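Asker: got a predicted structure here, sequence first:
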Amino acid sequence: MLLPRRLLLLVSSVCLGASAQDRSQSVFVASSGPKCCDALRAKLPSIVFARGTPEYNTRLSTYYLLQQQELSPTCTVRPSSASEVSLIVKIAKDSQCPFAVASGGHMAWKGSSNIDEGFVVDLRGMNQIDVSTEDQTVKLGPGSLWQEVYKVMAPYNVSTIGARLNAVGVAGYLLGGGISFASVDKGFGADSVYNYEAVLSDGRIVEANKETNPDLFWALKLAGTNYAIVTRFDMYTYHSPTLWGTLSVYPSTSPTTSELFAEFEKYAHDEKNRKDMKAVFLSYSNGIDLTMTAQTNLDSTPLASMSSAEPIMHLEKVGTTHDVVDEVISNAAESTARTAWHVLTTKADTDFFMDLYAMGKTIFESLKDRKGLTRTFNFQVFQKSFIEGAVHGPTYNALKRSNDDLVCIVNFNAWEDPADDAAMKEATDALGDWAEAEARKRGILDDFIYLNYASERQPVYERSVTPEDLDKMREIQAKYDSDGTFEKLWKGGFKIPKKGGGALAGATHHDEL
């Protein structure tokens, strides 16, 4: 849904003929890695894998971000049960072992779910998918990929509020919120989770729901890497025999872009819509500016094109959620990439959207000839109905403040040469800083930062929950991780900032699922 690089590169060819730790922490991790892996191997010999083994190499190769693949944990450990996760946590605590946790490994910044030295808890062996048609629920292991989830659910004619890309993992998606085809009516994916099985920092295995540990249940809907390693997500399903979906690519002309954004703004403020999803992309690839739209309808009713222009590429499908994702949506995504991202939230404003794209051209002008450069802006909507669907989670009060329909804008830049990493990251950050300053000046910026699209430098918790709710999250963290085990040892993801630390206190030292 986010990353139309592969498709855009194909279109382009037709048209032409994805925080560093401080020094002392790095030394600590390096020196403790072998000791920690030995301690794990002594208790769990069959599931600990050293560098160079096929299991270790497969884990590295499945990270979406190529920069993530360049990190080198001392070992990986692949549990298949909550009890094994519990033992791993106890060993890590006893030996003070730094670790990362990976599900699908789709987070788009280096160190988000991998680690140099230390060890990685590879959740892919916990891939339970149990559908109950009687209860209208599904129980999911954290290591399942959404492609697998949708395939298992398809014969039951049901779906759930899951990801729109095949390779995204269950755990990372749900612990950061999760935007789905049905979010306009049902909120984030996390809002359809009615129970969590989770391992706490002392190794206890607990359930969290509205009746049992309700405070933890609330906090886990924006958990990041703070509260627990979730070992099962119990979710509601909804009837969904088929879905209609399409991707259309157009040459980027002023009339086409104006027409698309006029339709997009109309959709953003459509209070009656509960079935449609629409997104717009503005991209530059191989020297060509392109515009793309993605649309779905939950009742399998084809929607009118958002533009009267003739698309230069068009994919369309009526089928199960699995089929639409697999045959249409996933054609818009690279399985791996070198990337840098920045996300912001604004009110709907076509003039700002176009000015943002123009500024991107200016900032990236000196980089435009770098190998494999693709620049993309993706525009998605948080409608009022979407926000109301998130009423039981930590982000609700923050999203509700504007009393308006909002647009989530993610700037995604990809390239091929590792030598360009620093320059591309610097340009992405500069464009993000300009975008937020300009949106604030125009009175359209909303403070919300969507965790799953954020870069490591963005203060997610400081801006995505209200100060009162952030204090509540801190209290819950102190209750369930009283000695700060996960805060200190679990590297990666977004950490809840200390009280009084300032607006950027938690944004620059993230070491996600």
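Answerer: Yes, it's here. Numbering: from 1, shown residues only.

Asker: and this protein, what are its domains?
Answerer: Following automatic domain parsing, one finds the domains of the chain at 5-12+242-460, 129-239.

Asker: mean pLDDT lowest where, among the ones you listed?
Answerer: For the domains of the chain, the weakest mean pLDDT is recorded on domain 5-12+242-460, namely a mean of 94.

Asker: now find how far off-centre it is within its chain.
Answerer: The gap between where domain 5-12+242-460 is centred and where its chain is centred comes out at 14 Å by C-alpha atoms, centre = their mean, to the nearest Å.

Asker: helices of the stretch 301-450 of the chain, residue ranges please.
Answerer: 321-327, 350-363, 384-389, 396-400, 421-441 (DSSP state H, counting those that start in this stretch).

Asker: now do the stretch 151-300 of the chain
Answerer: 170-175, 183-186, 214-219, 254-268.

Asker: and V77, which of these is closest to it?
Answerer: With C-beta to C-beta as the measure, helix 170-175 is the member of the helices of the stretch 151-300 of the chain nearest V77 (15.6 Å). All C-beta atoms are positioned from the backbone trio N, CA, C, and that covers glycine.

Asker: elements contacting that closest one?
Answerer: Applying 3 or more C-beta pairs under 8 Å, 6 or more residues apart in numbering; DSSP states H and E, we find helix 170-175 packed against helix 146-153, strand 229-236.

Asker: so which bits of it are buried?
Answerer: Buried positions in helix 170-175, judged by neighbour count with 16 or more other C-beta atoms under 10 Å: V170, A171, G172, Y173, L174, L175.

Asker: ok, stretch 291-307 next?
Answerer: 291-298, 300, 303, 305-307.

Asker: I'd like the helices of the stretch 301-450 of the chain as JSON lines, with mean neighbour count appended.
Answerer: Output for those, formatted as JSON lines (neighbours: other C-beta atoms under 10 Å):
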{"stretch": "helix 321-327", "mean neighbour count": "21"}
{"stretch": "helix 350-363", "mean neighbour count": "16"}
{"stretch": "helix 384-389", "mean neighbour count": "20"}
{"stretch": "helix 396-400", "mean neighbour count": "20"}
{"stretch": "helix 421-441", "mean neighbour count": "17"}
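
Asker: need the strands for the stretch 151-300 of the chain, in chain order.
Answerer: 158-159, 193-199, 205-208, 229-236, 238-239, 243-251, 276-285, 288-297 (DSSP state E, counting those that start in this stretch).

Asker: got JSON lines for those strands, with distance to A108 too?
Answerer: As requested, those are arranged in JSON lines below (distance: least, C-beta to C-beta, whole Å):
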{"stretch": "strand 158-159", "distance to A108": "25"}
{"stretch": "strand 193-199", "distance to A108": "23"}
{"stretch": "strand 205-208", "distance to A108": "28"}
{"stretch": "strand 229-236", "distance to A108": "21"}
{"stretch": "strand 238-239", "distance to A108": "29"}
{"stretch": "strand 243-251", "distance to A108": "21"}
{"stretch": "strand 276-285", "distance to A108": "16"}
{"stretch": "strand 288-297", "distance to A108": "19"}
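
Asker: among these, which comes closest to A82?
Answerer: Smallest distance to A82 across the strands of the stretch 151-300 of the chain (C-beta to C-beta): 4.0 Å, for strand 229-236.

Asker: hey, C-alpha coordinates of the closest one in PDB?
Answerer: As requested, the backbone C-alpha atoms of strand 229-236 are provided in PDB (Å, rounded to 0.1, in the frame of the first residue of the first chain):
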ATOM      1  CA  ILE A 229       6.600  -9.500  24.000                       C
ATOM      2  CA  VAL A 230       3.200 -10.400  22.700                       C
ATOM      3  CA  THR A 231       2.900 -14.100  21.900                       C
ATOM      4  CA  ARG A 232      -0.700 -14.200  20.600                       C
ATOM      5  CA  PHE A 233      -3.200 -11.700  19.300                       C
ATOM      6  CA  ASP A 234      -6.900 -12.600  19.500                       C
ATOM      7  CA  MET A 235      -8.800 -10.500  16.900                       C
ATOM      8  CA  TYR A 236     -12.400 -10.000  15.700                       C
END
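
Asker: heads up, I number from 613, so please use that
Answerer: Noted, 613 is the first residue going forward, which turns the last one into strand 841-848.

Asker: ok, back up a step: the strands of the stretch 763-912 of the chain: which one's closest to D747?
Answerer: strand 841-848 (8.9 Å).

Asker: partners of that closest one, with directions?
Answerer: Its sheet considered, strand 841-848 pairs with strand 749-752 (antiparallel), strand 805-811 (antiparallel) by DSSP bridges.

Asker: buried sites along the first one?
Answerer: Across strand 749-752, burial judged by 16+ other C-beta under 10 Å covers T749, V750, K751, L752.

Asker: and for the last one?
Answerer: Using 16+ other C-beta under 10 Å as the test for burial, strand 805-811 gives V805, N807, Y808, E809, A810, V811.

Asker: can you put those residues in CSV and add distance to D1032?
Answerer: CSV is the format used below for the buried residues of strand 805-811 (distance: C-beta to C-beta, whole Å):
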residue, distance to D1032
V805, 39
N807, 45
Y808, 40
E809, 43
A810, 40
V811, 40
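
Asker: among the strands of the stretch 763-912 of the chain, which is nearest D1033?
Answerer: Among the strands of the stretch 763-912 of the chain, the nearest to D1033 by C-beta to C-beta is strand 888-897 (18.9 Å).

Asker: what packs against the closest one?
Answerer: Where contact means 3+ C-beta pairs under 8 Å, 6+ apart, strand 888-897 is packed against helix 617-628, helix 795-798, helix 866-880, strand 900-909, helix 962-975, strand 986-994.

Asker: between the ones you listed, which one is closest to D1045.
Answerer: Smallest distance to D1045 across these (C-beta to C-beta): 10.0 Å, for helix 962-975.

Asker: now do the closest one: which elements does it pack against?
Answerer: Applying 3+ C-beta pairs under 8 Å, 6+ apart, we find helix 962-975 packed against helix 866-880, strand 888-897, strand 986-994, strand 1018-1027, helix 1033-1053.
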